[in-house]
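Colleague: Sequence and predicted structure are below.
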Amino acid sequence: MTTHTKDGATPPITDDRLLSDWDPDKFDPVNLSASIASAGYTWAEADGAAKLKDSAQDKFKSKIILEYIAGRRVDSYAKVDEVKIKAMSVERAKLLVEQDEEYLNAVKDGISARTTANKLRVRYDMARAMLDGLRSKEATHRALTTMR
């Protein structure tokens, strides 16, 4: 089962803890269900965090655009002697925000969160498929024993 760090964060996906719980010779539906539930909850938490970052990203972009327009953020491409803070057009502010380091870091953070959520979703789906495979194996085993 997935454990969390002291601060409640999900540890990085670098091991196969979920896979180590699957022993076809020791089919235990309770443990398997708990493992799948844990994987599902972990994915849901990561997906929620990624969605929150996605929704905050547009607001953050708007905030930076407004700072450029109001002259509270300096155009890093301006010549040194032109760094008189002044208002600028909306179109120029929109172009500048796409190259703003703070905004680009927020975008990278959002992409990283979405990647983590996607990896956890794959792990969850894999666990469900593994359970389906074990069910099928058990059903085949039962059918073979009744045919003898």
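Modeller: Yes, it's here.

Colleague: for the longest helix belonging to the chain, the distance to its chain's centre please.
Modeller: Criterion DSSP state H: the longest helix present in the chain is helix 101-147. Remark: helix 101-147 is offset 14 Å from the chain centroid, using Cα atoms, centre = their mean, to the nearest Å.

Colleague: helices or strands up against it?
Modeller: helix 17-20, helix 29-70 (3 or more Cβ pairs under 8 Å, 6 or more residues apart in numbering; DSSP states H and E). To be clear about C-beta, it is placed using only N, CA and C from the backbone, and glycine gets the same treatment.

Colleague: Mind listing residues that contact stretch 41-59?
Modeller: 2, 10, 106-107, 109-110, 113-114, 116-117, 120-121, 123-124 (Cβ atoms under 8 Å, 6 or more residues apart in numbering).

Colleague: pLDDT on it, on average?
Modeller: Rounded to a whole number, the mean pLDDT of stretch 41-59 is 92.

Colleague: Give the burial count for residue 98, as a bare number.
Modeller: Residue 98 has 12 neighbours, counted by other Cβ atoms under 10 Å.

Colleague: Apologies, that question was intended for residue 113.
Modeller: 19.

Colleague: Looking at it now. What's its pLDDT?
Modeller: 94.

Colleague: ok, it to residue 125 distance?
Modeller: Counting by Cβ to Cβ, to the nearest Å, the separation of residue 113 from residue 125 is 19 Å.

Colleague: for residue 59, same thing?
Modeller: 31 Å.

Colleague: Between these two, tell me which one has more neighbours.
Modeller: Shown here are residue 59 and residue 125; by other Cβ under 10 Å, residue 125 has more neighbours (13 against 8).

Colleague: what's the pLDDT at the more buried one?
Modeller: So residue 125 comes in at 91 (pLDDT).
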